[in-house]
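# quick one: sequence and predicted model below, then my questions.
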Amino acid sequence: MSRRIVTIMLLAVFSASSAVAVDFRASVEANAARAAALTQTTEQQARHAQAGASDENPYLWPGIALIAAGAATAVYGFTSTSGAQCTFTETSLGCSETHRTGIGIAGLAVAVGGGVLLALGNSRKHKQRPELVFGPNSVAVRYWVAF
């Protein structure tokens, strides 16, 4: 009994939707025009987003994160102590704290890596490369930062 009711209700729903679509061709053309307009605006927005994204430095946030993490690690390494070494002699007592300089140097290296990453992203943006300049008894890296 319930199958008959469900079948009759489905037939009524499907026949009602075909009865409502009076002019099928006009309905399809209107929907196709709406879809074409939506596709065109979506393509324009995608092109605009790509143009805006190409102006930004792609390594900005990773570079800043590396600089911050490296600086924090360097501060921790140079300021924290790993112990104290004391020397005892008959006439004097000398103690000195040992710092974790290896961790500090590693933090500085990570921070420098972040700066290099920022420079690479900026050079891709402005099509500039750092220059290696040799002088009398010196070597320098010349780089122009443009904002």
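That came through fine.
# show me where this structure dips below the pLDDT cut-off.
1, 11-24, 28, 46-55, 123-130, 143-147 (pLDDT under 70).
# cutoff 90 now
Residue ranges of the chain with pLDDT under 90: 1-63, 77-102, 115-147.
# how is it carved up into domains?
With domains defined by automatic domain parsing, the chain comprises 2-53, 60-122.
# so where do the helices sit in this protein?
For the chain, the helices defined by DSSP state H occupy 2-20, 24-54, 60-79, 101-126.
# so which of these gets nearest residue 135?
helix 101-126 (21.0 Å; Cβ to Cβ). Where C-beta positions appear, they are placed from N, C-alpha and C, glycine not excepted.
# buried residues in that closest one?
Buried positions in helix 101-126, judged by neighbour count with 16 or more other Cβ atoms under 10 Å: 103-104, 107-108, 110-111, 114, 117-123, 125.
# from these, which is closest to residue 5?
residue 121 (66.9 Å).
# which non-adjacent residue is nearest that closest one?
residue 59 (3.3 Å; Cβ to Cβ, 6 or more residues apart in numbering).
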